[in-house]
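Undergrad: Only the shape, not the letters, is given here:
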């Protein structure tokens, strides 16, 4: 039987003072395209829910990192330790300890198609994460279910500031083989807290197809402009629009632990896993499935080996994905 994600927690009111979050958004401008944060096209393909490497399309989705690796600037302290998110993360994992790690914001204008077929976020494992290993390999590890005992449990809260009827959140809490749920319409100042390293999800279309999509490069930037917002590049204004037309999502991530002992084991690296152990688990499971395995010289990046793992362990929600 396929393992299902933990049921996500929905918050009908994400922030008591949304205006304060908007002030942070304006204060920390400008913003640059989200693709600027990908190391290469392979990362882009993996996060877009596609197995093949493809050329990055620079879409009007902009990002700002507000807190990283457990450190937040003073003006982010309230958001970083947001009590409502902390409580939901504790509920999601039935955890005792919640340690906020990252906060970032995505700002979208006129992207009239769904963003990929769906994806999961990049998981981390004890001693084995994206600081040293490719995200495609990490994603397969997470979806395989073979490494749950060493997976770093991360709660992700996604909150929206957007009054449009489109631009919703599509997610698969019942697994990729079942129909998705769609959180769309009245999403302003709501949030969903989930195990997004394991639960498939994607962003719904924002804007009308007939309005097209502005062509950007990695040097395009988004910033406030005379009471509105503008996308500019090399001194040229590519677009200008009212704040109400901009879809904003604030993502908050935290590591959770069952107990002080659980946290101590993590901090002491007592349960860390290395590449030999990872490959050993894959080898044993593949052999049980009747799949002969000969490891390549570079198993982390070898196209044939990665394709074998994807075909074996990755089940996408393509059957039920809606437009």
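TA: Here it is on my side, so go on. Quick caveat: nothing in here was measured; it's all calculated off a predicted structure.

Undergrad: what element comes up after the worst-scoring helix or strand of the chain on mean pLDDT heading to the C-terminus?
TA: Lowest by mean pLDDT, DSSP states H and E among the helices and strands of the chain is helix 41-47, with a mean of 50. Sequence-wise, the next helix or strand downstream of helix 41-47 (DSSP states H and E) is strand 61-67.

Undergrad: what's the offset of that following strand from the middle of its chain?
TA: 12 Å (Cα atoms, centre = their mean, to the nearest Å).

Undergrad: hmm, who's touching that strand?
TA: 24-25, 28-29, 31-34, 36-37, 72-73, 76, 79-80, 100-108, 111, 115, 221-222 (Cβ atoms under 8 Å, 6 or more residues apart in numbering). C-beta here means a position set from N, CA and C on the backbone, and glycine is covered the same way.

Undergrad: What strands line up against it, and which way round?
TA: strand 32-33 (antiparallel), strand 97-108 (antiparallel) (DSSP bridges).

Undergrad: I'd like to know how far residue 25 sits from residue 105.
TA: 6 Å (Cβ to Cβ, to the nearest Å).

Undergrad: averaged over its residues, what pLDDT does stretch 245-252 have?
TA: Stretch 245-252 shows a mean pLDDT of 97.

Undergrad: what comes into contact with that stretch?
TA: Contacts of stretch 245-252 (Cβ under 8 Å, 6+ apart): 14, 21, 25, 79-80, 82, 85, 100, 102-110, 156-162, 164, 167, 203, 206-207, 229.

Undergrad: switch to 6 Å and redo it
TA: Contact partners of stretch 245-252, identified using Cβ atoms under 6 Å, 6 or more residues apart in numbering, comprise 85, 103-109, 157-162, 167, 206, 229.

Undergrad: Now for the residue nearest to residue 160 when sequence neighbours are not counted, how many residues are close by?
TA: Excluding its sequence neighbours, the residue lying closest to residue 160 (Cβ to Cβ, 6 or more residues apart in numbering) is residue 187, at 4.4 Å. Applying other Cβ atoms under 10 Å, we find 25 residues neighbouring residue 187.

Undergrad: Does residue 187 lie in a helix or a strand, and which?
TA: Applying DSSP H and E, one finds residue 187 in no helix or strand.

Undergrad: returning to what we had before: if you average pLDDT over each of the strands paired with strand 61-67, which is lowest?
TA: strand 32-33 (a mean of 94).

Undergrad: Centre of the chain to that one, how far?
TA: 16 Å.

Undergrad: go on, stretch 256-264?
TA: 24 Å.

Undergrad: Going by neighbour count, which residues in it are buried?
TA: Going by neighbour count (16 or more other Cβ atoms under 10 Å), the buried part of stretch 256-264 is 256, 257, 262, 263.

Undergrad: Show residues contacting that stretch.
TA: So stretch 256-264 is in contact with 89, 93, 95, 96, 97, 98, 153, 155, going by Cβ under 6 Å, 6+ apart.

Undergrad: Now, the residues you listed that are in strands?
TA: Those of the contacts of stretch 256-264 mapping onto strands are 97, 98, 155, per DSSP state E.

Undergrad: filter these to the buried ones?
TA: By 16+ other Cβ under 10 Å, those give 97, 98, 155 as buried.

Undergrad: Starting from residue 196, give me the distance back to the residue sitting nearest the centre point of the chain.
TA: Centre of the chain computed as the mean C-alpha position; nearest residue by Cα atoms, centre = their mean is residue 121, 4.0 Å away. Applying Cβ to Cβ, the value for residue 121 to residue 196 is 5 Å.

Undergrad: Could you do residue 143 as well?
TA: Going from residue 143 to residue 196 by Cβ to Cβ gives 13 Å.

Undergrad: Which of these two has more residues huddled nearby?
TA: residue 196 (24 against 21).

Undergrad: Residue 300: which of the ones in strands among the contacts of stretch 256-264 is nearest?
TA: residue 155 (27.4 Å; Cβ to Cβ).

Undergrad: what's that closest one in contact with, if anything?
TA: Contacts of residue 155 (Cβ under 6 Å, 6+ apart): 89, 92, 193, 254, 256.

Undergrad: Helices of the stretch 51-200 of the chain, start to end?
TA: Along the stretch 51-200 of the chain, counting by DSSP state H, counting those that start in this stretch, helices occupy 77-80, 83-93, 135-144.

Undergrad: With distance to residue 128 and mean pLDDT as extra columns, can I get those helices in a markdown table?
TA: Formatted as a markdown table, those follow (distance: least, Cβ to Cβ, whole Å; pLDDT from 0 to 100):
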| stretch | distance to residue 128 | mean pLDDT |
| --- | --- | --- |
| helix 77-80 | 26 | 97 |
| helix 83-93 | 20 | 98 |
| helix 135-144 | 7 | 95 |
